[in-house]
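> I'll drop the sequence and a predicted model, then ask my questions.
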Amino acid sequence: MRAVTYYKYGAPDVLGIEEVQTPAPGDKDVLVRIHAALVTATDAIFRVGSPFLARMFTGPIKPKAKTLGGEFAGEVVAVGKDVTRFSVGDQVFGDTGPALGAHAEYVCVPEDGALAVMPAGLDYAQAVAVLDGVLTALPFLRDNAHLRVGQEILINGAAGSVGAAAVRLAKKHFGARVTGVCSTAKLELVKSLGADEVVDYTKEDFTRAGRTYDVVLDAAGKSSFSRSRRVLNSGGVYLSTVPSPGILLQSFWTRKFGDKRAVIAFTGLRPTTDKAEDLRFLTQITEAGQMRPAIDGRYPLAEAAEAHRRVDSGRRQGSVLITMEHNGN
């Protein structure tokens, strides 16, 4: 099979296309022929190896995993002898987790991993795009913010993968009133996702606008609890998706003191069984019309470096995908 590979950290030019061994499923594994995969900001960080903290997962000197990519959609083409949940021909979507490897024509995943039958009525590209950011945004909103109908939430970085997923979930599923923060060029995108109000951060500082919220989700990692606490209502929660010494300390401190909390969660480290349950939940709410994909661009496997350049540009408005030639795209 063909796969996107890299052997050193750097710009998109470090990516190449190679013929590699097609994985063989074990007794409890599922082999998926990938039709579409996401290229995310995390893939770009792992490619560059910066910030250096990322190398705790990818290798301190050079990449351990030679193929990037987590989220994918495709068709089951083989199953191990003990597999009972999936059958050949199933259309599935999922996340490989720390193993990565989805920027390839095939991937092997455990039956009990983050894998589910994809929403009816979507093609492979749409299915993986609707997944973009959800496995981070959903547990933040549901398990950490405990977001409820009628609450006010501000989402900083509302046009990014996690931010966009959070806007859609907060508005369509949780029934909150949503304010999205983004750049001028992405105001219309964030409005189209369902935000009730949009703040252009190039013209206005949301921490000084005089509005208050029950929840502030900093999906961009560009604000802080210290700055955002002034716009939190009593009992409010500040959530950050970006780990730092400051948020770790504040998360511990505010659990014991004060009426406003700072929270950091490591959603990528959750058990795969929890992620699989969230995928099944995503299928349900997508089929109910609560979620819809936004696709910025589709790139064939041979143009994976161009897909990374698009992500690096910061100009994307929706998901950036790698599509495989057997998808017919």
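Now that the structure is in, tell me what you want to look at. Numbering: from 1, shown residues only.
> so after the helix ranked longest in the chain, what's the next helix or strand?
In the chain, with assignment by DSSP state H, the single longest helix is helix 272-287. Per DSSP states H and E, helix 272-287 leads on to strand 295-300 as the next helix or strand towards the C-terminus.
> Extract the C-alpha set from that next one and format it as PDB.
What follows is the C-alpha trace of strand 295-300 in PDB, where atoms were taken according to Å, rounded to 0.1, in the frame of the first residue of the first chain:
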ATOM      1  CA  ILE A 295     -14.800  21.000   4.200                       C
ATOM      2  CA  ASP A 296     -12.100  23.400   3.200                       C
ATOM      3  CA  GLY A 297     -10.200  21.200   0.700                       C
ATOM      4  CA  ARG A 298      -9.500  17.700  -0.500                       C
ATOM      5  CA  TYR A 299      -6.000  16.600  -1.500                       C
ATOM      6  CA  PRO A 300      -5.000  13.200  -3.100                       C
END
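> Which strands border it, and is each parallel or antiparallel?
Under the criterion DSSP bridges, strand 295-300 sits next to strand 319-323 (parallel) in its sheet.
> what's the strand it pairs with in contact with?
4, 35-40, 69, 103, 124-125, 128-129, 132, 161, 293-301, 304, 307, 310-311, 329 (C-beta atoms under 8 Å, 6 or more residues apart in numbering). Any C-beta I mention is one placed from the backbone N, CA and C, and that applies to glycine too.
> cool, and stretch 195-214?
By C-beta under 8 Å, 6+ apart, the residues outside stretch 195-214 that reach it are 151-156, 158, 167, 171, 177-184, 187, 190-191, 223, 227-228, 230-233, 235-237.
> distance between it and the chain's centre?
Offset of stretch 195-214 from its chain centre (C-alpha atoms, centre = their mean, to the nearest Å): 24 Å.
> partner residues bridging the nearest residue to E71 once chain neighbours are set aside?
Once flanking residues are discounted, E71 sits nearest to L38: 4.3 Å by C-beta to C-beta, 6 or more residues apart in numbering. The bridge-partner assignment for L38, based on DSSP bridges, gives L321.
> The longest helix of the chain packs against which elements?
Contact partners of helix 272-287 among helices and strands, from 3 or more C-beta pairs under 8 Å, 6 or more residues apart in numbering; DSSP states H and E: strand 91-95, strand 114-117, helix 124-131, helix 134-139.
> Put the alpha carbons of the shortest one into CSV.
If I follow you right, that is strand 114-117. Extracted in CSV, the C-alpha atoms of strand 114-117 (Å, rounded to 0.1, in the frame of the first residue of the first chain):
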residue,chain,number,x,y,z
ALA,A,114,-12.3,4.2,18.5
LEU,A,115,-14.3,2.8,15.6
ALA,A,116,-18.0,3.0,14.7
VAL,A,117,-20.3,2.7,11.7
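> quick one: that strand to chain centroid distance?
Counting by C-alpha atoms, centre = their mean, strand 114-117 comes out at 15 Å from the chain centroid.
> Next: stretch 268-275.
Distance of stretch 268-275 from its chain centroid, counting by C-alpha atoms, centre = their mean, is 13 Å.
> Over that stretch, what's the mean pLDDT, rounded is fine.
Across stretch 268-275, pLDDT averages out at 90.
> tell me which residues of it are tucked away?
Buried residues in stretch 268-275, counted by 16 or more other C-beta atoms under 10 Å: R270, T272, K275.
> Can you pull out the residues in contact with that stretch?
Counting contacts by C-beta under 8 Å, 6+ apart, the residues outside stretch 268-275 that touch it are D95, G97, P98, P110, D112, G113, A114, L135, T136, P139.
> By neighbour count, which of the residues you listed wins?
D95 (27 neighbours; other C-beta atoms under 10 Å).
> Okay, strands next: where are they in the stretch 201-329 of the chain?
Secondary structure of the stretch 201-329 of the chain, counting by DSSP state E, counting those that start in this stretch: strands at 213-218, 232-240, 261-264, 295-300, 319-323.
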